[in-house]
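Chemist: Quick one, fold the following:
(one chain, ligands or ions: 2)
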Amino acid sequence: MPKTLVTANGTLIQIGRELGKGGEGSVFEVPARAEQVAKLYHRQPDAKKQAKLSFMASTVDQQLLSYVAWPQETLHSARGGPVVGFLMPKVMGRDPVHMVYSPAHRRQERPKAAWNFLLFVARNTAAAFSALHSHGHVLGDVNQGNVLVGSDSKVVLIDSDSFQVNAQGIVHLCEVGVSHFTPPELQGLSSFDGLTRTANHDNFGLALLIFHLLFGGRHPYSGVPLRSGVGDTLESDIKAHRYAYARDSQSRGIGPPPRSIPLSIVPVAMETMFHHAFTENGAAGSRPTSEQWVTALDAVRGRLKPCGASSMHLYPDHLATCPWCALEQQDAIYFIDLGVTYTKTTSGFVLAQA
Ligand SMILES: Nc1ncnc2c1ncn2[C@@H]1O[C@H](COP(=O)(O)OP(=O)(O)O)[C@@H](O)[C@H]1O
Ligand SMILES: [Mg+2]
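Modeler: Numbering: from 1, shown residues only. Ligands and ions are numbered 1, 2, ... in the order given. This next block holds a predicted model:
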């Protein structure tokens, strides 16, 4: 017998096959609604979580849905009964962002994607955060698994029921986090219980995702230790602001890894944004916002130029020589030349169809 649930307004919903399983719940197909899936909790959500989901479903809008798999309707075992899950848009054909920023995965899965693709994904990640922040909500548990990316470079955030949601002044907290995405000022806490997250905390995770995308999947605090006590754990290096690519990284006791993409690949203004995001000023509350990242990344996207050696070598025009060629001379090959051609259009570089 297929399982049947009911929405808050009484529509019967038949539950189909399981598509994915998480810590809190599983996600199922909804045969009658090709565009939606149902997330059902392993354990009955408590009254607070039910109120959060009802609020989320009642405030869904098009801007959120462009970037987030946001709850659209709550699901109940019987009409008027407790919330047992919810319906949200189905996200298909998208990969977790780490499969895009990992050079090995990208070369395998998206061999024709050059740096312009990564820039666009970074820009769209910032736009997704911006949509959420402009509604007064905070992602909280930023990590490499809840940002999904498609070949169109579009980004969709999943696991939205874990976000920190501001329900007209009542804040539903996000009480989990991944340590290597946790900002310096929150490192070392025994738990996130009772902690109200801010957009500035999210903006650390956002800058980290953008850094991963633009700099070959590297973590900004992972480098060459220059003294003892440095480089023991990523968490302790984050806490001490040991940003390995900083201009003053020597005094932080760390240097960038060999053969890594140099920070000079981005214009000085963006280098400064990364510096603020990863060092003391940012921790004090002034990290670049998601909106500022959108603007800055769009500006770089508009200033790319091709290299004569390979159509896959696209780089910003403040550089006199191709950084990808320079890296290849050190045997660091980020983009393989498959003979594809990128052509410049009014909307940037696009892959010429064979
Ligand atoms: N909107 C969606 N469309 C399709 N699959 C989804 C969607 N949301 C989640 N999933 C799949 O279900 C899995 C678990 O979802 P998630 O919300 O992360 O669960 P949990 O919060 O319980 O850990 C995800 O890893 C993904 O594979
Ligand atoms: Mg969750």
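Chemist: Model confidence for the closest residue to Ile265 other than its chain neighbours, exactly?
Modeler: Distances taken as C-beta to C-beta, 6 or more residues apart in numbering put Pro323 closest to Ile265, at 5.1 Å, once the chain neighbours are dropped. Quick note: C-beta positions are derived from backbone N, CA and C, even for glycine. Here the pLDDT value assigned to Pro323 is 98.
Chemist: do stretch 59-79 and ligand 1 meet at all?
Modeler: Yes: Stretch 59-79 lies within reach of ligand 1 by C-beta under 6 Å from any ligand atom, at Ala69.
Chemist: now what about that stretch, what contacts it?
Modeler: 5-11, 13, 36, 38, 40, 50, 53-54, 56-57, 82-89, 91, 127-128, 131-132, 134-135, 155-158, 160-161 (C-beta atoms under 8 Å, 6 or more residues apart in numbering).
Chemist: Which among those residues count as buried?
Modeler: 5-8, 13, 36, 38, 40, 50, 53-54, 56-57, 83-89, 91, 127-128, 131-132, 135, 155-158, 160-161 (16 or more other C-beta atoms under 10 Å).
Chemist: Surely Leu186 touches Leu195?
Modeler: Yes: when contacts are counted by C-beta atoms under 8 Å, Leu186 is listed as touching Leu195 (7.5 Å).
Chemist: just to revisit the earlier point, of the buried ones among the contacts of stretch 59-79, which ones also sit close to ligand 1?
Modeler: Met88, Pro89, Val91, Ile158.
Chemist: Check the burial of the residue in the stretch 101-250 of the chain that ligand 2 sits nearest to by counting its neighbours.
Modeler: Relative to ligand 2, the nearest point of the stretch 101-250 of the chain is Ser162 (3.5 Å; C-beta to the ion). By other C-beta atoms under 10 Å, the residues close to Ser162 number 20.
Chemist: my guess is it meets Gly140, correct?
Modeler: Yes: the criterion here is C-beta under 8 Å, and Ser162 meets it with Gly140 at 6.9 Å.
Chemist: Please enumerate the shared neighbours of these two.
Modeler: Cys174, Val176.
Chemist: picking that back up, what does the model give the residue of the stretch 101-250 of the chain closest to ligand 2 for pLDDT?
Modeler: For Ser162, the predicted pLDDT is 97.
Chemist: what sits against it?
Modeler: Counting by C-beta under 8 Å, 6+ apart, Ser162 has contacts Glu24, Gly140, Asp141, Asn146, Cys174, Val176.
Chemist: How much space separates it from ligand 1?
Modeler: Counting by C-beta to the nearest ligand atom, to the nearest Å, the separation of Ser162 from ligand 1 is 5 Å.
Chemist: For that residue, give me phi and psi.
Modeler: In terms of degrees, to the nearest 10, the main-chain angles of Ser162 are phi -90, psi -10.
Chemist: buried set for stretch 170-190?
Modeler: Buried, per 16+ other C-beta under 10 Å, within stretch 170-190: His172, Leu173, Cys174, Gly177, His180, Phe181, Thr182, Pro183, Pro184, Glu185, Leu186, Gln187.
Chemist: repeat for stretch 316-327
Modeler: So, applying 16+ other C-beta under 10 Å, buried residues of stretch 316-327: Pro316, Leu319, Cys322, Pro323, Trp324, Leu327.
Chemist: With distance to ligand 2 added, can I get the residues you listed in JSON lines?
Modeler: Listed next are the buried residues of stretch 316-327 as JSON lines, based on distance: C-beta to the ion, whole Å:
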{"residue": "Pro316", "distance to ligand 2": "37"}
{"residue": "Leu319", "distance to ligand 2": "41"}
{"residue": "Cys322", "distance to ligand 2": "42"}
{"residue": "Pro323", "distance to ligand 2": "38"}
{"residue": "Trp324", "distance to ligand 2": "38"}
{"residue": "Leu327", "distance to ligand 2": "38"}
